[in-house]
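*Asks:* sequence and predicted structure below; questions after.
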Amino acid sequence: MKQFWKSMLRSPSGVIGLVILILAIAAALFGPLLFPNSPWRMVQRPFLPPFTLSAVPLGTDALGRDVFAGMIFGARVSLLVGLVSTLVALVVGMPIGAMAGYFGGKVDDALMRFTEFFQTIPSFALAIVLVAILQPSIYSIVASIALVSWPPVARLVRGEVLSLRTREYVQAAIVTGQSNTWIILREILPNALSPVIVLASLMVATAILLESSLSFLGLGDPNLISWGYMVGAGRTVIRQAWWITVFPGVAILISVLGLNLIGEGLNDALNPRLSREGR
Amino acid sequence: MPKRVLLGLLLACGLTAPALAQEPKTGGVINAVIQPEPPGLMLAQIQNGPTQMVSGNIFEGLLRYSPKLEPQPELAESWSISEDAKSYTFKLRKGVTWHDGKPFTAADVLFSVEMLKQTHARARNNLAQVDKVEAPDEYTVVFTLKQPFGPFLGIFEVGSMPMVPKHLYEGTDWKTNPYNNAPVGTGPFVFKEWQKGSFIRLVKNPNYHEKGKPYLDEIYWQIIPDAAARSVAYETGKVDVLPGGSIENFDVPRLSKLKDTCVTGAGWEFFSPLAWLWLNNRQGPLADKRVRQAVMYAIDRDFAKDVIWNGLGKVATGPSASTIKYYTDDVPKYPHDPAKAKALLKEAGYKGEKIRLLPLAYGETWQRWGEAVKQNLMDVGINIETIATDVAGGNQKIGDWDYDIAFTYLYQYGDPALGVGRNYVSSAIAKGQVFNNVEGYSNPEIDKLFADGAVATPDSKRKEIYEKAQKILVEDVPVAWMLELQFPTITRCKVKNLITTAIGVNDGFKDAWLDK
């Protein structure tokens, strides 16, 4: 573990990514304490440019709502959707991939055809359809993002398991009569975890982008403010009021960038061939 | 001070009778936006907004209506009403010809009435009180009613009752008649060509029955599907006329500030679109009158007007728009008063039960309005959950009475008997339909007032009845009236006299001219 943090902190991109993520999480957790007002509340005159009033530092939107408060509260939704939907995708994708890789044969065929069924449909189109059918709400959004993002996990885990399965220590475990579940959970998965963690950090970024795109198209939860919604609502007035779109847009950019940097840092730290001194 | 009064007078004259101020010039082409592309141009069969906007130039009705909804001659040059108010006699204008040269006579009127009863739902409804229609001679038409019907003189505008050429339609299958694609009317402009997805071209009718009119040579109705592109088309000079509703509200201030640009809210008096919130009177907290009143007090309607509608329109006082006959503002008032709303909620024993809000999926403006209203209601402690839906889904929910609060706006057609009563009388409660009494309000007194009002004579009696009805309704708050909507028409200032009647751009461009 110590070794991991050491190499993680040695890669500059990992550090920058971590700092960004920590800042975003802090904003999501503690921001609402600083801004007890709902971000939907109309607090000032509409279209107030940024940096004119210290009470609304980033200006107001078309209804006079505080853009800064919207960004703070939006961080909650974006991060929540990103993390939860990735978690759900992992919970669905890992067992499917592990079973396919471990058992092989017909099980593998069946599970992989099932996975490919989801992979052949463009994921964003599928997400739009799902949200539209289920009615937009935070639950349907998380569910549809999870549903379109688990197949890569399954494929990755399957590949790892396929290669680990032939290792001596797994063979030894089989010979000593360990149960399949025990072998998968205790022998194989822990060793397959590093690429999955890297993938997961990138999936969070993708999920944030997906949620933003859905909200941008008006398919967000109408009761929750999110960055994508703010960009979508401000898009049509961008010529009169650039700040309504630009600030949440920058927030999306930075947080997605941060997560990608973390992914890179994790990759450096977890990949045994790269993390050695003499690379 | 006197100077200012004089200026005001001059302005007033300029608005009501511009012909006095300036002599119209002949010639020129107008490019106008039509949004969306109409499904067809045969006005007797298709009544979409865009169809009427284009075809109002091709077809004509017996009457037009001034912005105060007074009847004016069009194809009928005069009319009289019998003593018992049951018989209406119209004298038709002589020397009127269809675009193909055939004369327009009383036979065409009789035929049109028969055809419209089958093809035009609103005309059928409007004509329900008609017993028989006769033509004593070629230029006289007599409508005989079963009983006096106050609003009868208000149903002859071109969109409600367009005149159709008998010689081209009689004995044919109306739906597949080839003239549906190249309509023939009596109007000031003749249909020339329609490049689907691009433009509709109308040219001047040289034989138009009003001498000297129309002034314009041609009208191009440009079809531009994207709202932002329509704004740009105006900015770049591709089009000169943006009819109401063809661009998004937030673009209105920007375009209004452009050089040589004139904006007017006139031309919607006949339709008088009124926006309100359906409140489901059947169930939950909203079944209590005090909660409904609290909703009225909680919502900041001036804010909606000033911010969401860019100052256009008017805060509604009750079920009738102020342009509708017999409107009165002598009714209980509901200013923005959150404290009073909270007190009423407390009195009614509201405990924070969840109330669903259904915004109207008609684009940005309505979405923002839904958010503002939700915040207003949350501020006084009403627990609102917004339900996201599309237009069809929303209509279905409202028609099935599966909602608590829902946005809508409806046309009122000039008279309370034509456009107001349908939303409040208990006989108009019918599950599955969207534009009737979907709130489920039922009050025998109101039923009787509206039943009496439609057939009462003389006018003063109707006035009395409808004023009473308005007072009762505003006290009961069956729905929460929001705004009298105004859809601004944006034009280059060189386009003169575009809007002269109560249906504005929909009434044809026969008075319009270009100041070059």
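*Replies:* Arrived safely, thanks for sending.
*Asks:* who in the stretch 151-279 of chain A is up against chain B?
*Replies:* A:Gly218, A:Leu219, A:Asp221, A:Pro222, A:Asn223, A:Ala233, A:Thr236, A:Val237, A:Arg239, A:Gln240 (CB under 8 Å from any CB of the partner chain). Yep, even glycine has a C-beta here, placed from its N, CA and C like the rest.
*Asks:* and the second one, how many neighbours?
*Replies:* If I follow you right, that is A:Leu219. 24 (other CB atoms under 10 Å in any protein chain shown).
*Asks:* make sure it is indeed in a helix.
*Replies:* No: assessed with DSSP: H, G, I helix; E, B strand; the rest coil, A:Leu219 is coil; it does not lie in a helix.
*Asks:* what's the nearest residue to the residue positioned nearest the centre of chain A if we skip its chain neighbours?
*Replies:* The residue lying closest to the centre of chain A (CA atoms, centre = their mean) is A:Val204, at 1.2 Å. Spatial nearest neighbour of A:Val204, chain neighbours left out: A:Gly82 (4.3 Å); criterion: CB to CB, 6 or more residues apart in numbering or on different chains.
*Asks:* distance of whatever residue of the stretch 1-150 of chain B ends up closest to chain A from B:Leu312?
*Replies:* Of all residues in the stretch 1-150 of chain B, the one sitting closest to chain A is B:Gln35 (15.7 Å; CB to the nearest CB). From B:Gln35 over to B:Leu312 the distance is 18 Å, taken as CB to CB, to the nearest Å.
*Asks:* how about B:Phe450?
*Replies:* 30 Å.
*Asks:* check A:Gln44 too.
*Replies:* 22 Å.
*Asks:* the two: who's more crowded?
*Replies:* Remark: of A:Gln44 and B:Leu312, B:Leu312 carries more neighbours, 20 against 16, as counted by other CB under 10 Å.
*Asks:* which SSE is that one in?
*Replies:* Using DSSP states H and E, B:Leu312 falls within no helix or strand.
*Asks:* ok, it - contacts?
*Replies:* B:Asn249, B:Val252, B:Gly265, B:Lys305, B:Leu485, B:Gln486, B:Phe487, B:Pro488 (CB atoms under 8 Å, 6 or more residues apart in numbering or on different chains).
*Asks:* could you do A:Thr236 as well?
*Replies:* B:Ala227, B:Ala228, B:Glu248, B:Phe250, B:Glu364.
*Asks:* sort out for me which of these are in strands.
*Replies:* Members of these lying in strands (criterion: DSSP state E): none.
*Asks:* tell me, which of those residues make contact with chain A?
*Replies:* Near chain A, by the rule CB under 8 Å from any CB, you find B:Ala227, B:Ala228, B:Glu248, B:Phe250, B:Glu364 out of the contacts of A:Thr236.
*Asks:* of those, which is the most crowded?
*Replies:* B:Phe250 leads these on contacts (other CB under 10 Å) with 21 neighbours.
*Asks:* pLDDT score assigned to that one?
*Replies:* At B:Phe250, the model reports a pLDDT of 79.
*Asks:* that one reaches B:Asn310, doesn't it?
*Replies:* Yes: judged on CB atoms under 8 Å, B:Phe250 makes contact with B:Asn310 at a distance of 7.1 Å.
*Asks:* how near is the residue nearest to A:Val204 to A:Trp40?
*Replies:* Taken as CB to CB, the span from A:Gly82 to A:Trp40 is 22 Å.
*Asks:* for chain A, which helix is longest?
*Replies:* In chain A, with assignment by DSSP state H, the single longest helix is helix A:67-103.
*Asks:* if you count neighbours, what's buried in that helix?
*Replies:* Of all the residues in helix A:67-103, those buried under the rule 16 or more other CB atoms under 10 Å in any protein chain shown are A:67-90, A:92-103.
*Asks:* quick check: next helix or strand after it?
*Replies:* Next along the chain from helix A:67-103, counting by DSSP H and E, comes helix A:105-120.
*Asks:* please consider this matter closed, and thank you.
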